[in-house]
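1. quick one, what's the 3D model for this:
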Amino acid sequence: MMTLLLLGFGAVAVVAIFLPFVRQAYAAPSGGGSAVARDERDAGSLAELRDLEFDRRLGKLAEEDYRELRIQLARRAVAELKALDEARAAEAQRNQELDDLIEREVAARRRVHRQPATDGQRTCPACGQLASPADRFCAACGAGLLHTCPECQTPLPPGALFCPQCGRALPAPVAVPLPASDESSPVPPLAPGVPSRPSASLKRSEGSDAQQQHFVVDQAAPQGAMPVSEVAPASALSMQHAVLSTPFPKWTLVAGIAAMLWAGVAGVLYFRARAAIASQHPIATIAAADYHTLAILPADPNVVFAGYRGGLLLSRDGGATWQPAAVSGDAMALAVHPANPRRVYLAGHNLFLRSDDGGRTWDDVATDLPGRDLHALAVAPDNPETLYAFIVEHGLWRSANGGVNWAPVDASLAENVTALAVTAGMIYVGTADAGVLASRDGGATWTSANGFVSGALDSRRVRALAYDPVTRTLYAGTDRGLSFMTTMAAGWIRRPFAGDVTGLALGSDGTTMLVVTGRGAVFRSRDRGVTWSGQ
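-> Here you go, the predicted model:
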């Protein structure tokens, strides 16, 4: 949850910083989007192919139906991708033609503007440099020139739109807000006879003095919003540069400070997590092979069971030391009874046992299971007599009387189930290559519970699941570490544990957690997986 809050706060801060730039940039034309964007939205056959593959892996499609649907979707996907490529090529061609047209128009306007005046040239009163009738300032010294008609050289009043002598139309002034002048932006001296007033010159350089475009400030312009008359058409880049030169609001500074604070908090949490991983130390190493499951006895948190290929191991000091228990066989799953703190169930290959004395003795459960190869087992926390078991080649089954009688739940569930967890109203299934699946209707339908974006599960290879009914938290052990989830909407959050988790157990105190890795290393945490110091 803390990670999601940090990500949300950071996103708000970043948006706040860049919002002024976005608002002051030219707005893009609105519309329904390009043809390529519409084609990309419409090309859904690839997604349907992925869904088809997923349904097949879950066993919900017959092989014949799968092949027929896959051929149809593949043909449709090829046609959609071909149409998308053609649309992209056509749109690129249109964009190129539009760019060429704009470049030709700009080049033509510049050529007309840069043609030297053949008559009516004037002399700058300050330096004697020749100037064309359209110039408002001297190109050599920057002195202001008298505003005259480019046709008949008649002096013009400020803001005139037509020459009073010959009637020629003059360029209309364009109002552009400019920042107040300071020492870094000197105002050029005015020519003799021109009244003193706040003025400024705006000039856009194209790489050399011969390619400069000049903007002239009207003689009677008030300070704050000065009318500017263009000698040549101004480019969009010049206008955007003038607009972006305005000062930004003060809240931009506040947003920047917030972003730095967020980066600092995120950095502290990151380095704390790295330090926690570096400080994790095992409390024991089991000399066995192929570890499958862990369980802590609710009646005594020092009693821990570990199931592996050769049977069952027992620890009476919280996992520090281990010895073989009186059980042989491939022990795949362990489950404890939440109401009877000394009852433990053990399932596996040709195994379905129960102990009512905390693991001292084990008895076979007289049951009507359709098979004896059980890979996952779970007890419902709100109804301890309800058990769920995954049976190879038979799917998911449920018992309402402590494992004596069983009924099918979903016989089509994929064969790669590795773990089970049951909550109030939810069933979670861990798989070897599809992550976590969830069912809200008692196992009738299944959806992915792997999360998305920042809340995605770190790996699809799930080895263990454990549910804490006190905090309503689901833990998942994968080949890349440990994650937890409070709700499906919030997604998964990583715990600072590095290792291949093959077994996971929660203590009844709500804080103790044990993990066994693929190499037999046993780790213990006293704070729900935040630290693993081996204490």
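
2. quick one, helices of the stretch 1-150 of the chain?
-> Under the criterion DSSP state H, counting those that start in this stretch, the stretch 1-150 of the chain contains helices at 2-24, 35-42, 45-57, 63-114.

3. what of the stretch 251-400 of the chain?
-> Under DSSP H, counting those that start in this stretch, the stretch 251-400 of the chain gives helices at 251-278.

4. tell me where the stretch 401-535 of the chain has strands.
-> 407-410, 417-423, 426-431, 436-439, 447-448, 462-468, 473-478, 481-485, 493-495, 501-506, 513-517, 521-525 (DSSP state E, counting those that start in this stretch).

5. correct me, but residue 527 touches residue 511?
-> Yes: under the criterion of Cβ atoms under 8 Å, residue 527 makes contact with residue 511 at 6.0 Å. Using the backbone N, CA and C atoms, a C-beta is placed for each residue, glycine as well.

6. higher neighbour count, the two?
-> The neighbour count for residue 527 versus residue 511, taken as other Cβ atoms under 10 Å, is higher for residue 511 (17 against 11).

7. mind showing which ranges of the stretch 201-350 of the chain have poor pLDDT?
-> Within the stretch 201-350 of the chain, the segments meeting pLDDT under 70 span 201-252, 262-279.

8. for residue 149, which of the strands of the stretch 401-535 of the chain is the nearest?
-> For residue 149, the closest of the strands of the stretch 401-535 of the chain is strand 493-495, at 74.7 Å, according to Cβ to Cβ.

9. show me what that closest one is packed up against.
-> helix 2-24, strand 481-485 (3 or more Cβ pairs under 8 Å, 6 or more residues apart in numbering; DSSP states H and E).

10. all strands of the stretch 201-350 of the chain, in order?
-> Going by DSSP E, counting those that start in this stretch, the stretch 201-350 of the chain shows strands at 202-204, 213-217, 226-230, 284-285, 291-296, 304-308, 311-315, 323-328, 330-336, 344-349.

11. can you redo those as CSV with distance to residue 92 and mean neighbour count?
-> Formatted as CSV, the strands of the stretch 201-350 of the chain follow (distance: least, Cβ to Cβ, whole Å; neighbours: other Cβ atoms under 10 Å):
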stretch, distance to residue 92, mean neighbour count
strand 202-204, 30, 16
strand 213-217, 31, 21
strand 226-230, 33, 19
strand 284-285, 61, 17
strand 291-296, 56, 26
strand 304-308, 60, 27
strand 311-315, 65, 22
strand 323-328, 69, 14
strand 330-336, 57, 23
strand 344-349, 60, 24
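
12. a markdown table for those strands, including distance to residue 456?
-> What follows is those, written out as a markdown table (distance: least, Cβ to Cβ, whole Å):
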| stretch | distance to residue 456 |
| --- | --- |
| strand 202-204 | 49 |
| strand 213-217 | 52 |
| strand 226-230 | 54 |
| strand 284-285 | 32 |
| strand 291-296 | 25 |
| strand 304-308 | 29 |
| strand 311-315 | 34 |
| strand 323-328 | 38 |
| strand 330-336 | 26 |
| strand 344-349 | 30 |
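
13. out of those strands, which comes closest to residue 425?
-> strand 330-336 (18.8 Å).

14. alpha carbons of that closest one, as CSV, please.
-> Output of strand 330-336 as CSV, limited to C-alpha atoms (Å, rounded to 0.1, in the frame of the first residue of the first chain):
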residue,chain,number,x,y,z
ASP,A,330,6.1,-37.7,-1.0
ALA,A,331,4.5,-35.1,1.3
MET,A,332,3.1,-32.3,-1.0
ALA,A,333,0.8,-30.2,1.2
LEU,A,334,0.1,-29.4,4.9
ALA,A,335,-2.9,-27.7,6.4
VAL,A,336,-3.8,-26.8,10.0
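
15. paired strands for it, with orientation please.
-> Its sheet considered, strand 330-336 pairs with strand 344-349 (antiparallel) by DSSP bridges.

16. what's the partner strand in contact with?
-> 292, 295, 297, 305, 307, 312, 327, 329-337, 352-355, 358-359, 362, 365, 372-374, 376-377, 379, 387, 389, 403 (Cβ atoms under 8 Å, 6 or more residues apart in numbering).

17. need the least confident one among the helices of the stretch 1-150 of the chain, by mean pLDDT.
-> Here the helices of the stretch 1-150 of the chain differ in mean pLDDT, and the lowest is helix 35-42 at a mean of 48.

18. ok, back up a step: so for residue 453, which of the strands of the stretch 201-350 of the chain sits nearest?
-> Residue 453 sits nearest to strand 291-296 of all these, at 31.0 Å, using Cβ to Cβ.

19. name every strand pairing with that closest one and say which way it goes.
-> When DSSP bridges is applied, strand 291-296 pairs with strand 304-308 (antiparallel).

20. contacts for the partner strand, please.
-> Applying Cβ under 8 Å, 6+ apart, the external contacts of strand 304-308 come out as 286, 288-297, 312-315, 318-319, 322, 325, 331-334, 344, 346, 348, 359, 503, 505, 514, 516, 522.
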